[in-house]
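Trainee: A structural model of the following input is requested.
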Amino acid sequence: MAQSAELSTAVVGGGIVGLLTAWQLRLTGHSVTIIDPEPGAQASYAAAGMLAPISEVQYGQQQLWDLMTASREEYPEFIATVERAAGITTGYRENGTVLVAADPGDRDAVADLVRVQQAQGMEVSPLTSSALRRREPALSPGLAKTWDVPGDHQVNPRQLIRCVTQALNAALTESDFPGAGQPATWVARRASGVDRTAQGGIRIHYDDAASADFAHAVVVPGLGYDQLAGIPSRHALDLRPVYGDVIRLRVGRDQLGPGEEHLISATVRARVGGRSVYLVPRGSEDPLEPHGLVVGASSREDGLPGTHAGSVAELLEDAAAVLPAVRDMELVEITTRARPGTPDDRPYLGIPEAGTPLVVSTGFHRHGVLLAPLAARLGAALINGGPLTERDAQLVEACALDR
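Mentor: Just a heads-up that it's a prediction; the model follows:
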């Protein structure tokens, strides 16, 4: 399939948002080049993969909730398309979520937030003790209160990255993917800057002094944004590193009864003694983490890039308070990564200078996996030009670079 030079596009950053943006651009005819020394190795590698617009929402975050809800709506179609192209699964599971309050103080705090969620029309309903026991018998019997959030699901980010990478490399047929671009090109270098070419395109500079020219570029560098020279200075974005420690466990076969694939079926988000912890179960069919349990995540701004021992101890203590069987599981891995935080928790997405074939997409904090399909589609739409729908224009405005 012949490609126009006008559709050569660089994607700087190979995290989950960058890879999905590259995929969306390929679907719309672009020949994409992904520039990253280690695609999928940063925050996306640590992420648990909760698709939880309801249980993630906090007070005063209506615009963020709109973004999360819109992206959650796009996930099923996105999953079907990328799995069809790659021929492998993404680890997507519609398994719902249970909110847990461990003690009376936790119950009051979670109940206050649930009332806010319900007032916004979110589907959250209380579970009786007997209903919880039937649904999740392995959870601690002494929990103060629980709620059902049936619309919050999960995906395995590592498997999703594997699947999208395979889709980007696949030879797509015109009959199945009309107008799609050629398989992606991968450049294992670190970008150091961008500027305009004489022809009006974008030149990407690498840290080894080499460079390459493209018609368009999307920069999705996470916390590396400040290290990219050439972006207009008025868009010095307010990003900060928020470190998270994430634990991966494995359920022993001797912990499971006949026919059981896991001790819990739903994702569990709990408040324990005022602290937050989540438990995300991987199914027996998961190709990377069968019978796994992801426990997380701390949220630290202490500047420590390594794993914080106290945070890990608290996560394990709180997880065991909710699911006692945690104490007997195998500790497989502890991963620590920095996430790009913003003052209002909303990402930055937009064109830094009118008429420039450059899009900036960063600051996804702990919502990168959830927001990736929406960010990818909107980023590609901004590159492709043309009018946005009223809803899309509002979503882009919520992510404005100059807010």
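Trainee: Can you show me the helices along the stretch 301-403 of the chain?
Mentor: 309-322, 368-384, 390-398 (DSSP state H, counting those that start in this stretch).
Trainee: The strand or helix carrying residue 108: which residues count as buried?
Mentor: Per DSSP states H and E: residue 108 is located in helix 104-119. Judged by neighbour count using 16 or more other Cβ atoms under 10 Å, the buried positions of helix 104-119 are 106, 107, 110, 113, 114, 117. Every C-beta, even on glycine, is put in place using the N, C-alpha and C of the backbone.
Trainee: For the residues you listed, give me CSV that also has pLDDT and distance to residue 45.
Mentor: What follows is the buried residues of helix 104-119, written out as CSV (pLDDT from 0 to 100; distance: Cβ to Cβ, whole Å):
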residue, pLDDT, distance to residue 45
106, 98, 31
107, 98, 35
110, 97, 30
113, 92, 29
114, 95, 32
117, 90, 30
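Trainee: For residue 72, state which of these is nearest.
Mentor: Sorting the buried residues of helix 104-119 by distance to residue 72 puts residue 117 at the head of the list, at 14.2 Å, by Cβ to Cβ.
Trainee: what's the distance between that closest one and residue 247?
Mentor: Distance, residue 117 to residue 247, by Cβ to Cβ, to the nearest Å: 27 Å.
Trainee: which element is residue 172 on?
Mentor: Using DSSP H and E, no helix or strand contains residue 172.
Trainee: Who are the contact partners of the spatially closest residue to it that is not a sequence neighbour?
Mentor: Closest residue to residue 172 apart from its sequence neighbours, by Cβ to Cβ, 6 or more residues apart in numbering: residue 180 at 4.6 Å. Residues near residue 180 by Cβ atoms under 8 Å, 6 or more residues apart in numbering: 1, 26, 27, 29, 172, 174.
Trainee: where does residue 57 land on pLDDT?
Mentor: Note on residue 57: pLDDT of 81.
Trainee: okay, now residue 129: neighbour count?
Mentor: 11 (other Cβ atoms under 10 Å).
Trainee: so what's it scoring on pLDDT?
Mentor: The per-residue pLDDT reported for residue 129 equals 96.
Trainee: so the lengthiest helix in the chain versus helix 104-119, what angle?
Mentor: Ranked by residue count, the top helix of the chain under DSSP state H comes out as helix 62-86. Interaxial angle, helix 62-86 versus helix 104-119 (axes from the mean of the first three to the mean of the last three Cα atoms, to 10 degrees): 80 degrees.
Trainee: Summarise which helices and strands the helix or strand following helix 62-86 is packed against.
Mentor: Following helix 62-86 in sequence order, the next helix or strand is strand 97-101 (DSSP H and E). Contact here means 3 or more Cβ pairs under 8 Å, 6 or more residues apart in numbering; DSSP states H and E; on that basis strand 97-101 packs against helix 104-119, strand 145-149, strand 267-272.
Trainee: And for the longest one, what's in contact with it?
Mentor: Contacts of helix 104-119 from elsewhere in the structure, counted by Cβ under 8 Å, 6+ apart, are 54, 57-59, 99-101, 124, 144-145, 147, 271-274.
Trainee: Select from the contacts of residue 180 the one having the most neighbours.
Mentor: Neighbour-wise, the contacts of residue 180 (other Cβ under 10 Å) top out at residue 26, 27 neighbours.
Trainee: so what's the closest residue to it other than its chain neighbours up against?
Mentor: Closest residue to residue 26 apart from its sequence neighbours, by Cβ to Cβ, 6+ apart: residue 181 at 4.5 Å. Residues in contact with residue 181 (Cβ under 8 Å, 6+ apart) are 1, 3, 7, 25, 26, 27, 28, 29, 30, 31, 32.
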